[in-house]
Each structure stands twice: as C-alpha cells, then as structure tokens.
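>>> generate coordinates for the sequence data below:
(one chain, ligands or ions: 1)
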Amino acid sequence: MPFRQSVKHFLMHLSWIFILPSSGAYAYQTQLPDLGSPDLIEYDTQTEQRLGRAFSVALHTEFDLNYDPEILNYIRRIGERVITQTGDNRAFSFYVINNPSINAFAGPDGVIGIHTGLIEAVRSEDELASVIAHEVAHITQRHLSRQYEYQESEGSIASIASIIAAILVGTQDPNAGMAILMGGQGYVTQKQLSNSRQHEAEADFTGIKFLYKAGYNPKAMARFFGRLSRQSMSNSGQIPEILRTHPVTENRLAAAEDRAQTMPPFKPREDNGDLRLIQLRLQSRQKQELGKLFNEIPLNDDQRCYQLNDLDSNPADKNITKKLKNLQCLVKLAKSESKQPLYTDLLLEKLTGIINNSGLPKKDRTDWVSQTKEIANFAQILYPQRQDISIRYAEFLEAIGDSKQAKSLLLQHSSDHYNFLINQKLAEIANQNKDWGYAYFYQAQAQYNIGNIKYTAHLLKQAKEKNKNANNDLTAEITLFENQNRNQLNSVEKTEE
Ligand SMILES: [Zn+2]
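As a prediction, this is how the structure comes out:
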C-alpha cells in the first residue's frame, strides 16, 4: 500500500530535530513546532498503531528486554490496575528493559517501558505504581504531541521507531549510542529536550488520580521524584535518566503534594510483598553483590528462603539432596501463603530445573511430583489469569512428560492481550516434541503479538511447509489465524512485492 508522501506524527517526552533522507540525500530539516501551535495535526489511529508496532519490534529486537515471567507479569499487574482507572480503551503494553539506569518511558500507541533500574530503586510498590501512573497519564493526556515528517515507506517507519526507542531507552552517551545504531543509515541526530513543565504538571495531576483510584498511596509520586531529585543533587551531578525526561522542580513537587492532599482519605490496598521478592529476583539474576540493595531493610525468613532457592541455580551442582532440602521451606510457604503465588512459581521453576538437569531420585520422585502438582493446581484455581503460574506449571508438566496438559494450560491464555511469552513457550514445547509445523505456527503468533508482522508472514509460510503430514487441525488453525488477521498480513505482502 503506497503511503501518503508525508505523515504527521506525535511524539511524547521529546522535542525533535530530524534531518531526513530523500533518495539518499538529506532533503530538508524539520524544526518541530511547539505544542499547541496551530499546525499541530493529530495523527490517525491506524498510523499510530503502525508506529506502535514498529516501536515494539524495535524494543524486542534491539534492546535487552526482560522476559522473566514473574518480573514482567508483576509490572503488568500494576499497569493493569492503573489503566483500568483511566477510562481509556486503548491497548496499553508494558515491557521491562534490562538496564540499570533509573528510567521509564511512554512511547507511541500506549507502549510503556520500565527499566529494571527503576524497579530496584523504588522503596514501595506505591512508588513504582506512581511512575507507571505518571507515564500512563502522559499517554491519556495525549502528550505524544510532537510532530515529525518523514518520507513514506515501511523501512522508514521502522527506522523512526528505532530512533524513538534508542532515545527513550537512553544510553550513557546518547550521541554515541545513536551513532552506533544509525550508522550510515542517513538519519542524523536528534536533540532531546525535556518534557515541558506543563506536561509534567498535567501528568502528575492526572497520574495521581489514577494512582489513588487504583488503591495506591497518592503521595508516593512526590515522594519518589523528590527523593531522586535530592539524591541526584548530593550525588555529584549524577542525574537519573528519568529526571532528564521528567524534570523535577520545587513547584512540581509542591503541586504533586497538594494534589495528593485533595484526595479523599486513602485506604491502602493489601500488599502481598511482591516488590521485595521481585527485587530479590532481579538481584540474583544480575549477580549483584548480595546485600547491596537491602542493607537498610533486613530480609525476613520467608524472603530469605526465596533468595536461598532463587540463587541456587547452578545446574552443574549435582547435590540433589541439598537442593531438595532447601526447597522444603519453599514448599511450606507455597502451601501456607496462598496470597503470594511467587513461592509456588519458584518451587515449580527450581524443581523443573532439577528434573531437567539431573533427574529426581526414584525414591523421591512420586512424592515430590504429586505434592507439587497439588500446590500448582491450587494456585491455578486461585489465579487462573496469572501467566507466570501457567508458564512455570507448563514447564514442570513438560519436564515430567505431560506435554498435553502443559499445552492446554498455556492455550488458556492464547487470547490474552500480551501472549508473546505464552506462544514462545508453546513453540518450545512443540519443538521438543518435534512438532515442527506447530513450532513455527506458535512462533508466528508470538511475533504477531509484538507487532512483527513481516516475520509473522514468513513463519506462517514455514509452518505450512512443515505441515507435510497434513495435520488438518493445524491447517484449520492457520487458516483461521490468517482470516482473523488478514488486513495486517496483506499489508506486508503488498509492500514486499
Ligand atoms: Zn513525565
């Protein structure tokens, strides 16, 4: 489909100067107008969605995303709580980026990114939720309102999305990062400016309302940004990434505090201790010096049990007896703390690791398997919507040879808004069972979910070719998928011709 010669877009958080290529030469330079200037044009939904998809593909292909089911689903749970308060029916997407800088951003079409550095820096879930609510507010307030123009082609949308991603994710040296990324592509550089003060004030004002309605402490936003700001001042000019794009002023903090005061009395939501366990998870995955993060707050016994088992991940360690002994406290917690299914997740994860790496000793196997299945079944009943539990349970079932139930557990999530991890896991299981047609088909659906339509089309072709023994179920499923998503799949075929 040929595009219009020039399309106007909005961008949030940033003002831009783009120098754009035209047939290999720099044709013109665009200075972006200020927000609110008369020539501001809203871009149409379809174009916004295309840019959002390209942005999501750029995040997934060019950056180190965190695919840990527990960490990702934790952020999504907070995000869901916040967005149900917005009255905005857009499909928001939340991703976690492995990056130690304290940062979060809102990109095109409701894509929100959270850096692992931010998750580690917050002192409560309310603070984490306050940043998410602030980003969500930038989107609902349509602050993504900086226009740019570019020569139309599928290629250029992808390139623009890459540039946006590179800037929003940020690097230690943005210019060096951009140079590597853009190389000789012809896109020269951009100039990153802060969100305007007016946007920050609006995002705080609206975000605090979302925060409060979602059951979080409305004072958390001013508290978090205030602390960061004070720390950065005492920290020899080290400014956290998030303060570059969301500048903090005395006025802003005072206004945020006032806004929180206007909320009716705050009734805190029940905290099941998710944040601490998720921080421990991040810590053990990043092999940081233990204790560095939590010097001030000692771990309680339950958290210590979680940490002990989470760290014990050396597959070469054949000391099964010791490992099973460590798992005992986790079994106890998984049974008694039904409000905290992360214990069940970790039990499943670690036991699966033992089975896959060295196998359970025969004498223990029956007991461990039946006990763990009982715990997991219960968690499934309590939290049917939790992908992390389904994924860990499916891995466990696959390890004990029950692929069929593993698959059916995962398929319960096939129509979730975000089903990339689910489809990846389904593809992995199909692969292990040498079911190549389905392996490609689930990969295709995973790629479709993150907006990679071109790759989806390629994988669907592969799936059909691999379906040599003409599995009629698979043929029917592929046809159904193609019919349901015909418009998008067709748009790729046409641009490729
Ligand atoms: Zn902001």
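
>>> so, low pLDDT: which residues of the chain?
The chain contains residues with pLDDT under 70 at 1-43, 144-155, 171-196, 235-237, 287-296, 313-317, 468-469, 493-497.

>>> phi, psi for the spatially most central residue of it please.
Taking Cα atoms, centre = their mean, the centroid of the chain lies closest to Tyr95, which sits 1.4 Å from it. Note on Tyr95: backbone dihedrals following degrees, to the nearest 10 are phi -130, psi 150.

>>> list the contacts for the closest residue to it other than its chain neighbours?
Counting by Cβ to Cβ, 6 or more residues apart in numbering, Gly113 is the residue found nearest to Tyr95 once chain neighbours are left out, at 5.2 Å. The C-beta positions use only the backbone N, C-alpha and C, and glycine is treated the same way. Counting by Cβ atoms under 8 Å, 6 or more residues apart in numbering, Gly113 makes contact with 59, 94-97, 104-107, 168-169.

>>> Gly113: what secondary structure?
strand (DSSP: H, G, I helix; E, B strand; the rest coil).

>>> same thing with the one 10 residues further on?
Classification of Arg123 by three-state DSSP places it in coil.

>>> against Lys325, how distant is it?
According to Cβ to Cβ, to the nearest Å, Arg123 and Lys325 sit 34 Å apart.

>>> and those two? Which one has more around it.
Set Arg123 next to Lys325 and count neighbours by other Cβ atoms under 10 Å: Arg123 wins out with 15 against 10.

>>> count of residues packed around the residue of the chain found nearest the ion?
Across the chain, the shortest distance to the ion (Cβ to the ion) belongs to His246, at 3.5 Å. Residues within reach of His246, counting by other Cβ under 10 Å, total 25.

>>> just checking, it touches Ser130?
No - at 11.6 Å, His246 does not count as touching Ser130 under the criterion of Cβ atoms under 8 Å.

>>> and the spatially most distant residue from the centre of the chain, what element?
Relative to the centre of the chain, the most outlying C-alpha is that of Lys363, 41.3 Å out, by Cα atoms, centre = their mean. Take DSSP states H and E as the rule and Lys363 turns out to sit in helix 362-382.

>>> counting contacts, what elements does that helix pack onto?
Helices and strands touching helix 362-382, by 3 or more Cβ pairs under 8 Å, 6 or more residues apart in numbering; DSSP states H and E, are helix 320-336, helix 342-357, helix 387-399.

>>> sorry, back to before: show me which of the contacts of Gly113 are buried.
59, 94-97, 104-107, 168-169 (16 or more other Cβ atoms under 10 Å).

>>> check contacts around the nearest residue to Thr61 once chain neighbours are set aside.
Closest residue in space to Thr61, ignoring its immediate chain neighbours: Asn452 at 7.8 Å, by Cβ to Cβ, 6+ apart. Residues near Asn452 by Cβ under 8 Å, 6+ apart: 53, 57, 60-61.

>>> ChimeraX command to pick out the buried ones of those?
If you want just the buried ones from the contacts of Asn452 in ChimeraX, going by 16+ other Cβ under 10 Å, the selection is:
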select :53,57,60
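
>>> ok, of the contacts of Asn452, which one's closest to Leu351?
When those are compared for distance to Leu351 (Cβ to Cβ), His60 wins out at 29.8 Å.

>>> touching the helix or strand hosting that closest one from outside, list them.
In this structure, His60 sits in helix 45-62 according to DSSP H and E. If you take Cβ under 8 Å, 6+ apart as the criterion, helix 45-62 is touched by 7, 9-10, 43, 65, 93, 95, 97, 107-111, 113, 157-158, 160-162, 164-166, 169, 181, 450-453.

>>> please narrow those residues to those residing in strands.
Judged by DSSP state E, strands contain the following of these: 93, 95, 97, 111, 113.

>>> among those, which two are most distant?
Going by Cβ to Cβ, the pair spanning the ones in strands among the contacts of helix 45-62 furthest: Ser93 and Ile97, at 13.0 Å.

>>> and Ile450, what does it touch?
Residues in contact with Ile450 (Cβ under 8 Å, 6+ apart) are 56-57, 60, 420.

>>> can those residues go into CSV with extra columns for distance to Ile381?
Below are these laid out as CSV (distance: Cβ to Cβ, whole Å):
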residue, distance to Ile381
Ser56, 33
Val57, 36
His60, 33
Phe420, 25
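
>>> now for those residues: which two are most distant?
For those, and using Cβ to Cβ, no pair is farther apart than Val57 and Phe420, which are 11.5 Å apart.

>>> could I get the full set of helices for the stretch 151-300 of the chain?
With DSSP state H, counting those that start in this stretch, the ranges of helices along the stretch 151-300 of the chain come out as 154-169, 174-182, 197-213, 220-234, 241-245, 250-261, 274-285.

>>> packing partners for the longest one?
What it means is helix 197-213. Contact analysis of helix 197-213 by 3+ Cβ pairs under 8 Å, 6+ apart lists helix 69-83, helix 125-140, helix 220-234, helix 250-261 as its packing neighbours.

>>> how about the shortest one and the ion, any contact?
No - among the residues of helix 250-261, none lie within reach of the ion under Cβ under 5 Å from the ion; the closest is 9.6 Å away.

>>> and the angle for that helix with helix 125-140?
Relative orientation of helix 250-261 and helix 125-140, computed by axes from the mean of the first three to the mean of the last three Cα atoms, to 10 degrees: 110 degrees.
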